[in-house]
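Chemist: what shape does this take:
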Amino acid sequence: MGILFESRKYQNVVFVGRDEHGKARFACVRGISDDFKGDVAGSDKQYSFSLPLPIKNPKSPQLLVFESPIDLLSHVTLQQRGYLDDGRKWASADAHRLSLAGTSDVALIAYLERSPMIEQIYRKRQINPRLVVAVGLFDAYI
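Modeler: Numbers count the residues shown, from 1 in each chain. Take a look at the predicted model:
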């Protein structure tokens, strides 16, 4: 069950949000060579792109909320590589992660209704794309 695809016609990135049964219910498309952004017709924003439940702790009380799916994936990548370890204990590596795919709170409200274990919500600011590129270039030479 994929959550990330490349569109055939334009090679855009497609982020898929699934319901609790694994059925695709939402998809948004983001351009890789331009600023194209859009939601696929018929998508239900209540099931916006999120990472699967944390494997280490599915009952984690923490939810990290991002404006875009790319910010979410950038944060995970930087955290896994240790670039976001600033000594604070609030940003658990096994927290739930949700993209709003914009600025609407529809996805957040629905996620909270489906996830009663959530007690702490952290809004993550946009990741600086130059940092992500720099990290990628840096890691390529290690």
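Chemist: so where do the strands sit in this structure?
Modeler: Taking DSSP state E as the criterion, the chain carries its strands at 4-6, 13-18, 24-30, 37-39, 62-66, 96-99, 120-123.
Chemist: partners of the fourth one in the sheet?
Modeler: According to DSSP bridges, strand 37-39 forms sheet pairs with strand 24-30 (antiparallel).
Chemist: in the chain, which spans are helices?
Modeler: According to DSSP state H, the chain carries its helices in the segments 69-80, 106-114, 129-140.
Chemist: how far off strand 62-66 does the second one point, in degrees?
Modeler: Right, helix 106-114. For helix 106-114 against strand 62-66, the angle by axes from the mean of the first three to the mean of the last three CA atoms, to 10 degrees is 170 degrees.
Chemist: Lys37 and Glu67: what is the separation?
Modeler: Distance of Lys37 to Glu67, computed by CB to CB, to the nearest Å: 11 Å. Placement of C-beta: from N, CA and C, glycine included.
Chemist: comparing those two, which shows the higher neighbour count?
Modeler: Neighbour count, other CB atoms under 10 Å: between Lys37 and Glu67, Glu67 has more, with 16 against 13.
Chemist: do you know the pLDDT at that one?
Modeler: On pLDDT, Glu67 comes in at 87.
Chemist: cool, and Arg81?
Modeler: The model reports Arg81 with a pLDDT of 72.
Chemist: for Ser104, see how far away it is.
Modeler: The gap separating Arg81 from Ser104 is 31 Å, by CB to CB.
Chemist: before we move on, what about Ala41?
Modeler: Per CB to CB, Ala41 is found 17 Å from Ser104.
Chemist: neighbour count: the two, which is higher?
Modeler: More neighbours surround Ser104 than the other of Ala41 and Ser104, with 11 against 6 (other CB under 10 Å).
Chemist: show me the shaky parts of this structure.
Modeler: 1-2, 54-55, 83-92, 125-142 (pLDDT under 70).
Chemist: right, I'll leave it there.
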